[in-house]
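Peer 1: structure, please.
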Amino acid sequence: MNRKGFTLFEVLMALAILGVVFSLLYMIFHQSMTVMAGTEDQTEVVRQGRLILERMTLEIQGCFISSHRPKSGPPAFHYGLVGRSNPEGVDFIDRLDFSAAVPSYVQTAERKGDVQEIGYFLEHEPGGQAMTLFRRQDEAIDGDLLQGGTSLAICDRVRSLRFAFFDRQGKKQKEWNSLEGEHRYELPGRIEIYLKLEDARGKTYAFQTQVYLPLAGGEG
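Peer 2: Residues are numbered from 1 along each chain as shown. Predicted coordinates:
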């Protein structure tokens, strides 16, 4: 009677083929997971960048300057907008501080006044090129438009934040100061915002928008 079976060589060959198949399946699975993770990371960065620009736009549109001017001496309350440019290599670490009308959708119980101070600025993260974006809010308008209130981090892995200001004649400027100088008691007619974020792999994404200031038509 003939007995048929597998030789040791055939068994080893089958195991080797299975090993190759499983290795290929693992590589395909790993690549698929990597692509999926990268897509999710990219989607989150894009979503975050758009939300930041939308929030900035809404708040800058409410930028406010009081029509009351002191007859003598410095004003007790500072209203206006101060934008400062700070280039760092090919990127920028700009800062923007301004007084803005509190939106009507904010509940009455949360409002401490009709005007508040708002600021946006960057600070370096330890051990890297990326920075953290902070938002400053001061409920009380006082004699210092650039400080006070509470600052909260709203986004990390920021590579650059830059503002450009356009006067009523459309002339572009890197900085703006409503407290002193040629633009005292004036608001820019338009502000452009440039924002760069990076994902976990270091890939950068650029965002840009422009904001028109409804209250920039006149000093009153």
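
Peer 1: am I right that residue 29 is in a strand?
Peer 2: No - counting by DSSP: H, G, I helix; E, B strand; the rest coil, residue 29 falls outside a strand, being helix.

Peer 1: what is the neighbour count of residue 12?
Peer 2: Residue 12 has 11 neighbouring residues, counting by other C-beta atoms under 10 Å. In short, each C-beta sits where N, CA and C put it, glycine included.

Peer 1: where along the protein do the strands fall?
Peer 2: 81-84, 87-88, 91-92, 95-101, 115-124, 131-138, 150-166, 172-173, 176-177, 190-198, 204-212 (DSSP state E).

Peer 1: okay, those strands in JSON lines with mean pLDDT next?
Peer 2: Converted to JSON lines, the strands of the chain look like this (pLDDT from 0 to 100):
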{"stretch": "strand 81-84", "mean pLDDT": "96"}
{"stretch": "strand 87-88", "mean pLDDT": "93"}
{"stretch": "strand 91-92", "mean pLDDT": "95"}
{"stretch": "strand 95-101", "mean pLDDT": "94"}
{"stretch": "strand 115-124", "mean pLDDT": "93"}
{"stretch": "strand 131-138", "mean pLDDT": "95"}
{"stretch": "strand 150-166", "mean pLDDT": "96"}
{"stretch": "strand 172-173", "mean pLDDT": "96"}
{"stretch": "strand 176-177", "mean pLDDT": "96"}
{"stretch": "strand 190-198", "mean pLDDT": "96"}
{"stretch": "strand 204-212", "mean pLDDT": "96"}
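
Peer 1: mind putting those into CSV with mean neighbour count and distance to residue 50?
Peer 2: Shown next, in CSV, are the strands of the chain (neighbours: other C-beta atoms under 10 Å; distance: least, C-beta to C-beta, whole Å):
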stretch, mean neighbour count, distance to residue 50
strand 81-84, 22, 22
strand 87-88, 12, 24
strand 91-92, 20, 20
strand 95-101, 21, 19
strand 115-124, 19, 16
strand 131-138, 18, 14
strand 150-166, 18, 12
strand 172-173, 13, 24
strand 176-177, 20, 25
strand 190-198, 20, 10
strand 204-212, 14, 7
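
Peer 1: can you put the ones you listed in JSON lines and add distance to residue 42?
Peer 2: Below are the strands of the chain laid out as JSON lines (distance: least, C-beta to C-beta, whole Å):
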{"stretch": "strand 81-84", "distance to residue 42": "30"}
{"stretch": "strand 87-88", "distance to residue 42": "25"}
{"stretch": "strand 91-92", "distance to residue 42": "20"}
{"stretch": "strand 95-101", "distance to residue 42": "27"}
{"stretch": "strand 115-124", "distance to residue 42": "22"}
{"stretch": "strand 131-138", "distance to residue 42": "19"}
{"stretch": "strand 150-166", "distance to residue 42": "13"}
{"stretch": "strand 172-173", "distance to residue 42": "31"}
{"stretch": "strand 176-177", "distance to residue 42": "33"}
{"stretch": "strand 190-198", "distance to residue 42": "10"}
{"stretch": "strand 204-212", "distance to residue 42": "7"}
